Structures are given as structure tokens and as C-alpha cells.
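Novice: Next comes the sequence, and after it the predicted model I'd like to discuss.
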Amino acid sequence: MHSNKRNELLQQLPTPLMFKQRGDSSYCLNTAFLSLFGISPDSKKGSEPTDFRFYDPLTKNELTGEKCPYQALEKGDVASTWVRLQTPERSLHCFINGSTITDNGTQWLVFHIDANNRVTANNGNDSAGAQRHIEFNQLLTKFSSKLINASAQDLDVIIAQSLAAFGEFCDVDRCYLFEFSDDFALMSNTHEWVAAGVNPYIDELQNMPTKEMPYLIGHIEHGLFKVDDVSNIPDSAIAEREEFQKENICSILCSRIMADGKTHGFIGCDITGSPYTWSASDIEYLKRIGDMLGNTLQNIYNRKAIHTMQQELIEANRQLQKLANIDGLTGIANRRLFNSTLDKDLAQSCRKQDALSLLLIDVDFFKLYNDQYGHVAGDSVLQKVAQTLADSCVGTDDLVARYGGEEFAVILPSTTTDRAKDIANRIVENVKGLGIEHEASPHDGLLTVSIGIATQEDNCDENCVELIDKADKALYRAKSTGRGRVCA
């Protein structure tokens with residue numbers, strides 16, 4: 001067959017083809033190829049290999065040198081593989097099948113292009129459209145199941161996977177998620193997927209003032225931003241049009257994402273190279289992905305709200321517990337906490353066959369102090385004495401409590417009588433060392449305390465009431481023998 005006739009035959013075939021005679025420098029593109037990639041028939045009668053780029057759809061690396069399908073076919077190797085084929089007008093995910101045809105001694109190198117993508121899916125084929133809907137529903141189900149119980153930590157990864165799956169399924173060049181700040185003043189590109197050979201812009205699209213994109217935001221607030229041809233954006237939005245063109249965007253489709261009752265952001269996708277007319281299925285699929293992400297974000301907000309309420313409840317209970325067990329004036333344990341702690345510590349000391357000592361402490365002549373200096377000064381004294389008691393006890397398990405009025409108590413687990421006397425004498429000296437003036441006191445006109453000690457040894461022959469009574473009697477002896485001293 002004559003080469004011109006072979007050329008004419010290949011041109012008329014309904015399947016997209018790139019072909020040339022071996023040794024020619026440029027490829028011919030048949031009508032089906034031109035239509036598939038949106039190339040004007042008048043602009044591309046033949047194409048240099050450099051006009052087209054092949055990318056690995058998984059690694060997104062360009063296939064060059066021996067990996068380039070051109071080179072493989074020229075060498076006579078099999079050149080059949082999935083690629084991202086990028087033309088000056090449009091890039092598509094497709095399967096290329098290279099073959100060599102010999103006709104009257106002339107070898108023709110032919111690439112058959114099989115594109116299962118948005119272009120072929122929107123060509124009016126009802127069965128293809130139905131199959132595509134089924135495949136999309138399967139895709140949506142897959143990611144919905146992942147997102148149902150996604151934690152905040154897992155969300156970033158799953159969103160990235162969802163965008164990639166959607167971008168590849170719909171064969172767009174870029175797919176992304178923008179999120180608004182709480183006050184709606186800023187928006188940031190938080191997640192982005194790009195096809196092989198497409199420049200990412202996520203790093204440049206952070207904290208963008210929403211007031212600078214009024215045309216886009218106005219449409220997003222109504223649910224959808226759909227532009228088939230960016231060059232047709234009106235001059236009133238020229239700044240936005242130029243921003244899109246700077247990113248080589250020719251067609252753009254964005255759908256609002258709602259969460260927590262307000263606009264959280266939007267999901268969008270772009271076509272670069274040449275304009276594309278978005279179909280009803282494109283819009284439906286993007287909206288459904290956006291709804292899925294919105295529902296997920298809503299679930300996470302709900303979980304965060306529940307967690308916050310739980311933490312607030314825990315903190316409220318902690319505060320109530322503190323109020324129930326802490327003396328309001330001095331900030332140390334109150335009588336209630338003292339009673340429960342003594343009961344617990346005494347039982348534990350019996351089990352361990354260990355000693356436990358109890359100090360009962362009384363501020364000497366406190367009524368006289370109140371009468372002379374006033375109740376405000378008296379409250380201040382109680383606070384200072386309480387702090388001194390806490391500072392004087394060094395054991396991590398010791399408990400200092402306000403026993404009542406001007407009386408205090410100290411529980412000293414694992415403490416013998418001799419060791420308790422050392423601590424009690426230190427308390428007496430430390431309180432006196434505060435230098436609080438008390439004219440009615442016989443101890444150099446200074447405020448002092450008296451302390452009674454009771455110790456439960458390892459015989460466990462006393463209960464709490466008996467131990468307190470024993471300490472109270474020792475305190476009475478300390479007071480009756482001159483005060484400002486320790487008795488056991």
C-alpha cells in the first residue's frame with residue numbers, strides 16, 4: 001500500500017493513534033487522537049517527540065532515555081504500558097500499545113492510545129457511564145469506610161489518599177483541599193495531589209486572604225465554583241483570573257465543604273493545558289467527595305467536643321473533690337480528708353507491720369491573739385502556721401491537715417516515736433522562728449504551738465479513734481505543762 005494511503009487509513013481509524021515511518025523525525029496524529037487531547041486539527045499535523053512527555057503514573061517520574069516508549073519502539077522492543085501522556089494541551093492517564101507495521105518494505109511505528117478517563121466517559125456512551133458510576137461508588141465506599149472511625153491523626157493521610165484516588169479516577173491534573181480560618185479571613189491549601197508532570201502549588205497557597213479572592217469565595221459560599229474556561233472569567237475578577245492562569249489552570253471546579261454548621265473549606269480540581277467542559281458527573285462526583293470529607297470533619301468535631309466536655313467534667317469533678325477535701329482558709333487538707341487518710345494509712349501500716357505516728361498541734365493562746373489583734377490577723381496566722389507545717393514535713397506520704405479551729409494534725413506513715421519527736425520539735429522551732437508578735441504569750445511575746453504525739457507500732461492494737469485520743473491526751477499534757485513544747 002502506498003505510504004500516503006497508509007497515512008490516510010491511519011488518520012481515519014476511530015481509535016487514537018500516534019504514528020510515523022521509521023526514520024521520520026515527527027509523529028502524525030490521527031483525528032481521534034487530536035479529539036481526545038483537545039488539539040486543534042489545524043495546529044498539529046505532525047509532532048516532534050519533544051512535544052509529548054511520558055510519565056510513570058505511580059512514581060510520577062518522566063520516562064526518558066531507554067525507558068521512553070519512543071526509544072523502546074525504535075529499538076524494536078515491546079512498548080506497552082500505563083503512562084501519563086502529556087501534550088501541550090492536555091495530559092491523560094492512558095494505556096499505550098506500540099507496534100511496528102511493515103507495508104511494502106516500509107516500517108510504520110504506531111502507538112495505540114487507550115484512555116479510560118473523563119473525556120471518553122463523557123462521550124455519551126450510556127453503558128460506559130453506568131460502569132463509571134459503579135466504579136465511583138466502589139471508590140467512595142472504600143474511603144468512606146476508612147473515614148468513619150478516622151482519628152484526627154489519621155485524617156491527613158486518608159484525605160491525601162482520597163484526593164489522589166479521586167484525581168486519578170477523574171483524570172484531572174490537580175486535586176486539592178482548602179480550609180478556612182475560624183474567622184473566615186484566611187484560607188490555606190492543606191492537601192494537594194498533582195498528576196505526573198504537573199507543578200504543585202501547595203507551598204505558595206498558604207494563609208491567603210479570602211478578601212483577595214471575592215469571585216471564587218462568592219461562588220463557594222453558594223456551594224459550587226465551576227469554570228470551563230478560565231479565560232472567560234470576567235474582568236471584574238481579573239486578579240483571580242491571572243492567578244489561575246499563572247498556575248496554568250484552564251478549567252477549575254470547586255465544591256463547598258460544610259462542617260460544624262459552617263463553611264469549612266472547599267475541595268477542588270483543575271485541568272491544565274486547554275479548557276475542558278465539566279460534565280454533570282464531574283460535579284456530582286466532586287460534591288460527593290466533599291460531602292464525605294465534610295461528614296468526616298463533622299464527626300471529628302463532635303468527638304473533639306465530647307472529649308472537651310469530658311475533660312471539663314473531669315476537671316470540674318477534680319475541683320469539687322478538691323473543695324470537698326481542702327480547707328478553704330489554709331489550703332491544706334481538711335478534717336474529712338484527714339479522717340479518710342488516717343483510716344487508710346493505719347490499715348496499711350498494720351498490713352506492712354510498720355509504725356505510724358500522729359501529731360496533734362494547737363496554736364497557743366489563739367483566742368487571746370484573736371481578741372487582741374483581730375480575726376483577720378488570726379486568719380493570717382493560721383495560714384502561716386499551716387504553711388510552716390507543710391514545709392517542716394518532708395515525707396512524700398505525710399499529710400498535713402487542719403483538724404478544727406486553731407488545731408492541726410499531721411499523719412506520718414513509717415515514722416517511729418523518736419523520729420516523730422524530731423519532726424515535732426522542728427515544727428515548734430520553725431513556728432517560733434516566724435517571729436509573730438503575741439503579747440499575751442509567755443514565750444518571749446511570740447506565737448508558739450504545742451504538739452502531742454501518738455504512735456501506732458507494729459502490734460496494731462489501736463484504731464483511729466484510739467490513736468487520736470492518745471495524741472489528744474499528749475497534747476493536753478504539752479499545754480498543761482507550759483505550752484510551746486512537745487509531749488508523747
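Specialist: Perfect, I can see it now. Residues are numbered from 1 along each chain as shown.

Novice: Report the spatially nearest residue to residue 211, omitting neighbours in sequence.
Specialist: Spatial nearest neighbour of residue 211, chain neighbours left out: residue 185 (7.5 Å); criterion: CB to CB, 6 or more residues apart in numbering. For glycine as for every other residue, the C-beta is placed from the backbone atoms N, C-alpha and C.

Novice: Might you report the residue contacts of the one you found?
Specialist: For residue 185, the contacting residues are 209, 210, 211, by CB atoms under 8 Å, 6 or more residues apart in numbering.

Novice: Just the closest of those residues to residue 160, please.
Specialist: residue 210 (23.8 Å; CB to CB).

Novice: What count of nearby residues applies to the closest one?
Specialist: Residues within reach of residue 210, counting by other CB atoms under 10 Å, total 17.

Novice: Can you check what pLDDT the model gives it?
Specialist: The model reports residue 210 with a pLDDT of 95.

Novice: which residues are contacting stretch 426-434?
Specialist: 359, 361, 384-385, 388-389, 391-392, 410, 443, 446-449, 451, 484-486.

Novice: ah, wrong one, I meant stretch 370-378
Specialist: In contact with stretch 370-378 (CB under 8 Å, 6+ apart) are residues 366, 369, 439, 440.

Novice: same thing but at 10 Å, please
Specialist: 363, 365-367, 369, 379-381, 406, 436-440 (CB atoms under 10 Å, 6 or more residues apart in numbering).

Novice: Can you tell me which of the residues you listed are buried?
Specialist: Burial by neighbour count, 16 or more other CB atoms under 10 Å: within these this picks out 363, 365, 366, 369, 381, 406, 436, 438.

Novice: Next step: the residues you listed restricted to helices.
Specialist: The members of the buried ones among the contacts of stretch 370-378 that map onto helices under DSSP state H are 366, 369, 381.

Novice: of all those, which comes closest to residue 297?
Specialist: After measuring those against residue 297 - CB to CB - the closest member comes out as residue 381, at 57.7 Å.

Novice: which residues sit in contact with the closest one?
Specialist: 363, 366, 369, 370, 373, 406, 431, 434, 436, 438, 447.

Novice: tell me which element residue 256 is part of?
Specialist: strand 249-259 (DSSP states H and E).

Novice: Output that strand in PDB with nothing but the alpha carbons.
Specialist: The C-alpha trace of strand 249-259 is given here as PDB (Å, rounded to 0.1, in the frame of the first residue of the first chain):
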ATOM      1  CA  ILE A 249      -5.200  26.400  35.100                       C
ATOM      2  CA  CYS A 250      -7.600  26.300  32.200                       C
ATOM      3  CA  SER A 251     -10.600  24.800  33.900                       C
ATOM      4  CA  ILE A 252     -11.500  24.700  37.600                       C
ATOM      5  CA  LEU A 253     -14.200  23.000  39.600                       C
ATOM      6  CA  CYS A 254     -14.600  23.500  43.400                       C
ATOM      7  CA  SER A 255     -17.300  22.300  45.800                       C
ATOM      8  CA  ARG A 256     -18.000  23.700  49.300                       C
ATOM      9  CA  ILE A 257     -17.300  21.600  52.400                       C
ATOM     10  CA  MET A 258     -19.600  22.100  55.400                       C
ATOM     11  CA  ALA A 259     -18.600  21.100  58.900                       C
END
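
Novice: Counting neighbours, which bits of that strand end up buried?
Specialist: Buried-residue list, strand 249-259, by 16+ other CB under 10 Å: 249, 250, 251, 252, 253, 254, 255, 256, 257, 258, 259.

Novice: Taking these together, which two end up most distant?
Specialist: 250 and 259 (30.1 Å).

Novice: Downstream of the helix or strand hosting residue 474, the next helix or strand is which one?
Specialist: For residue 474, the element it lies in under DSSP H and E is helix 464-480. Using DSSP H and E, the helix or strand that directly follows helix 464-480 along the chain is strand 486-487.

Novice: what sits up against that next one?
Specialist: 359, 361, 420-428, 449-453, 471, 473-481.

Novice: got any ranges where the protein has weak pLDDT?
Specialist: 1-3, 42-50, 78, 116-128, 394, 458-459 (pLDDT under 70).
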